[in-house]
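Student: got a structure for you, letters missing:
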């Protein structure tokens, strides 16, 4: 069964281009578009996409608020990939915290966008640029709140901070002098203790609490 893909973006030409790109793939199906944030719910209800590409800035309702409302329902909702033209977009953090599964710049290559759709549909997460820490590089520092990770053990804190900076499991293993299996165990524990759903949300959590300085 093909992966059903939809897009919410106020640029109609961009939507048409995405539609043609997605439609050219044998395993994907383009099922529709919305051009205002307040049209997103209707699009999802009517088209039933598996993956929804969501622009941050739209009239009617911004893409982040639309994402929060959509994923807050929690039942039979598509996996959302956030699109933006602004690398340091603060709103992206809210979208990740709301449950978005990916972040792409709108000038991403077609190959990257298609790979992101497939990865997110298969349960993965995607950040582009490749280093998640770059999401927050241009955003002003926030007050440091170490109490936000007080529930973590010392080793879990080490893994948390490395994951928040975009390190892979293999890189964390090398830097922390532990095995990749142990890294995976610590990441799972961090997510559970902090009530987070993905490594992307670790990035957002660390930014929100000023822990990336």
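Tutor: Received, thanks. Since this is a predicted model, take the numbers as computed values, not measurements.

Student: where does the protein dip in pLDDT?
Tutor: 74-75, 86-92, 128-142, 212-213 (pLDDT under 70).

Student: if we go to 80?
Tutor: Low-confidence segments of the chain (pLDDT under 80): 72-76, 85-98, 123-143, 165-167, 197-201, 203-204, 207-208, 210, 212-213.

Student: can you give me the helices for it?
Tutor: 12-23, 40-47, 63-72, 90-98, 110-121, 154-164, 169-176, 180-194, 199-208 (DSSP state H).

Student: Okay, domains of this structure per the record?
Tutor: Per automatic domain parsing, the structural domains of the chain span 3-130, 146-208.

Student: could you dump those to a markdown table with mean neighbour count?
Tutor: For the C-beta atoms, the positions are set from N, CA and C on the backbone; glycine is no exception. Shown next, in a markdown table, are the domains of the chain (neighbours: other Cβ atoms under 10 Å):
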| stretch | mean neighbour count |
| --- | --- |
| domain 3-130 | 19 |
| domain 146-208 | 17 |
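
Student: thinking again about what came up before, please name whichever of the helices of the chain is nearest to residue 5.
Tutor: Proximity to residue 5 (Cβ to Cβ) singles out helix 12-23 among the helices of the chain, at 4.9 Å.

Student: Which elements pack onto that closest one?
Tutor: When contacts are defined as 3 or more Cβ pairs under 8 Å, 6 or more residues apart in numbering; DSSP states H and E, helix 12-23 sits against strand 3-8, strand 28-34, helix 110-121.

Student: thinking again about what came up before, residue 104 is nearest to which of the helices of the chain?
Tutor: helix 110-121 (5.8 Å).

Student: In this structure, which residue sits furthest out from the middle?
Tutor: Going by Cα atoms, centre = their mean, the residue of the chain most distant from its centre is residue 177, 28.6 Å out.
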